[in-house]
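K.L.:
this one's structure only:
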């Protein structure tokens, strides 16, 4: 396969902000403050914002053929409303989705990346964990819930990888915005060349 016909995926590790978490955001913030304290939470929030500044600088300076670029976003379902969802979250202040909009303005194609059913399943799991949290106590998952969470993440990764395998065409570049706990790169087709503009997952370079 010639260089011109190769499939390339740019792996962008991300950190989710409270805005990105939607209706769960406030509950997650409350639990985090109880666990680490108000000052530490604020320092963590500032660190996440700084990380997004770095991501924004790197991604917006990428030299890629935007008319042959597909965008794959963690937690964005295949649903037919992908652009609407990204636009709404960008308007609410999500830096992640603001970056997506800028790349779309340059000609990149937005792709739904996740199974709606699996996302609903994860929402219910997280919601049940938060609901079961004792007042003033830390969230503690049972072994069964930990295993359910692990299996769910694996299923999500498999779906995302298959979505990329099926839709990224020869000669195209994909940009994958994905949380650091994911291991999608392990499940991609062998003919997809993966690049890491920021940093590679530790397991990918060990």
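P.N.:
Arrived safely. Only a predicted model underlies this, so the values are computations on that prediction, with no experimental measurement involved.
K.L.:
Next, please give the residue ranges for the strands of this protein.
P.N.:
Assignment of strands within the chain using DSSP state E yields the ranges 7-14, 69-73, 109-111, 173-179, 192-195.
K.L.:
In TSV: the ones you listed, plus mean pLDDT and mean neighbour count.
P.N.:
Quick note: C-beta positions are derived from backbone N, CA and C, even for glycine. Shown next, in TSV, are the strands of the chain (pLDDT from 0 to 100; neighbours: other C-beta atoms under 10 Å):
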stretch	mean pLDDT	mean neighbour count
strand 7-14	96	22
strand 69-73	98	23
strand 109-111	98	17
strand 173-179	97	23
strand 192-195	96	14
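K.L.:
Need those strands in TSV (columns: distance to residue 56).
P.N.:
Listed next are these as TSV, based on distance: least, C-beta to C-beta, whole Å:
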stretch	distance to residue 56
strand 7-14	11
strand 69-73	14
strand 109-111	17
strand 173-179	11
strand 192-195	18
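K.L.:
Of those strands, which is nearest residue 141?
P.N.:
Across the strands of the chain, the minimum distance to residue 141, taken as C-beta to C-beta, is reached by strand 173-179, at 17.6 Å.
K.L.:
show me what contacts residue 73?
P.N.:
Taking C-beta atoms under 8 Å, 6 or more residues apart in numbering as the contact definition, residue 73 lies against 86, 96, 97, 100, 110, 111, 113, 176, 177.
K.L.:
Which elements pack onto the longest helix along the chain?
P.N.:
With secondary structure taken from DSSP state H, the chain has its longest helix at helix 143-167. For helix 143-167, the elements it packs on are strand 69-73, helix 116-131, strand 173-179, judged by 3 or more C-beta pairs under 8 Å, 6 or more residues apart in numbering; DSSP states H and E.
K.L.:
Dump the contacts of residue 73 into TSV; add distance to residue 168 as well.
P.N.:
Supplementary listing: these in TSV, determined by distance: C-beta to C-beta, whole Å:
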residue	distance to residue 168
86	19
96	20
97	21
100	17
110	13
111	9
113	11
176	10
177	15
